[in-house]
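Trainee: got a sequence here, can you model it:
(one chain, ligands or ions: 2)
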Amino acid sequence: MSGADSLPGRQVDRERIERAVREILVAIGEDPDRDGLVKTPERVARAYEEQFAGLGQKPDDVLTTVFEAGHEEMVLVKDIELYSTCEHHLVPFYGVAHVGYIPGSDGRITGLSKLARLVDVYARRPQVQERLTGQVADAIMDHLQPRGVIVVVEAEHLCMTMRGVRKPGAQTVTSAVRGVFRSSDRTRAEAMSLILDRR
Ligand SMILES: Nc1nc2c(ncn2[C@@H]2O[C@H](COP(=O)(O)OP(=O)(O)OP(=O)(O)O)[C@@H](O)[C@H]2O)c(=O)[nH]1
Ligand SMILES: [Zn+2]
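Mentor: Numbering: from 1, shown residues only. Ligands and ions are numbered 1, 2, ... in the order given. You can find the predicted model right below:
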């Protein structure tokens, strides 16, 4: 688990970001005092506060509604839009997450929106896609004790699109399977066919 998980409510240091952004503007040869840029450090600080808000959140903050519904079949929320930040280049990667689980024998489930909120908790951090995918799966395993979890993330990384290798359109697909989705080929295949069904 990352160290940031133990920092509930942590706020970003906006003033420090502002100073750093001003420095970057100088370093790229810009004039940070010209009209268009004068408020940029402040804007970036506010944007970063939002973009990295997940560093101050834990899964417990969002998985608040857990109830026993006696439902023991698969629950799958598809196409949860996500925006994250590549920790290598600090540029966005974005796409969708699909989150499915099969409740445990106690039938404990959570609110559907909470699954999407959980994705945001981990997306709003400097990330790599593989870790994001695994963290969402592990948080659901820990909090709901389901029979299994499957998380699939499909994303485009702007660090591969706008710079570097420059391959727009390349989609990175990552999956994390836990419990019955790992042990049963059939259950995993059923989930994958629901996830990939693009009707
Ligand atoms: N596995 C993984 N790699 C990522 C992710 N986001 C970005 N990367 C990769 O991280 C790597 C960083 O490679 P480096 O060689 O250290 O950095 P770089 O010289 O900027 O690499 P290029 O992007 O190839 O120009 C690149 O291959 C990126 O495509 C991610 O979520 N998961
Ligand atoms: Zn990157």
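
Trainee: student question: in this structure, what's the helix or strand with minimum average pLDDT?
Mentor: None of the helices or strands of the chain scores lower by mean pLDDT, DSSP states H and E than strand 66-68, at a mean of 87.

Trainee: which other helices and strands contact that strand?
Mentor: Helices and strands touching strand 66-68, by 3 or more C-beta pairs under 8 Å, 6 or more residues apart in numbering; DSSP states H and E, are strand 108-110. To be clear about C-beta, it is placed using only N, CA and C from the backbone, and glycine gets the same treatment.

Trainee: what are the contacting residues of the strand it packs on?
Mentor: 63, 65-69, 71, 75, 103, 143-146 (C-beta atoms under 8 Å, 6 or more residues apart in numbering).

Trainee: name the strands paired with that strand and say parallel or antiparallel.
Mentor: Here strand 108-110 is paired, per DSSP bridges, with strand 66-68 (antiparallel).

Trainee: buried residues, whatever helix or strand comes next after the strand it pairs with. List them.
Mentor: Where DSSP states H and E defines the elements, the next helix or strand beyond strand 66-68 is strand 75-86. Buried positions in strand 75-86, judged by neighbour count with 16 or more other C-beta atoms under 10 Å: 75, 76, 77, 80, 82, 84, 85, 86.

Trainee: wait, which of these is closest to ligand 1?
Mentor: residue 86 (4.2 Å; C-beta to the nearest ligand atom).

Trainee: for that closest one, give me the pLDDT.
Mentor: At residue 86, the model reports a pLDDT of 98.

Trainee: sec struct for residue 106, please.
Mentor: Secondary structure, DSSP: H, G, I helix; E, B strand; the rest coil: residue 106 is coil.

Trainee: give me phi/psi at it?
Mentor: Phi and psi for residue 106, reported as degrees, to the nearest 10, are phi -80, psi 0.

Trainee: next one: residue 94
Mentor: Given degrees, to the nearest 10, the pair of backbone angles that residue 94 has is phi -150, psi 150.

Trainee: follow-up on the earlier one: need the contact partners of the least confident helix or strand of the chain.
Mentor: In contact with strand 66-68 (C-beta under 8 Å, 6+ apart) are residues 106, 107, 108, 109, 110, 143, 144.

Trainee: in the longest helix seen in the chain, which residues are buried?
Mentor: Ordering each helix of the chain by length in residues (DSSP state H) puts helix 129-144 first. Going by neighbour count (16+ other C-beta under 10 Å), the buried part of helix 129-144 is 129, 132-141, 143-144.

Trainee: residues of the chain that sit close to ligand 2?
Mentor: Applying C-beta under 5 Å from the ion, we find that the chain lies next to ligand 2 at 86, 88, 89, 159.

Trainee: tell me how far the second one lies from residue 129.
Mentor: In this structure, residue 88 lies at 11 Å from residue 129, with C-beta to C-beta, to the nearest Å as the measure.
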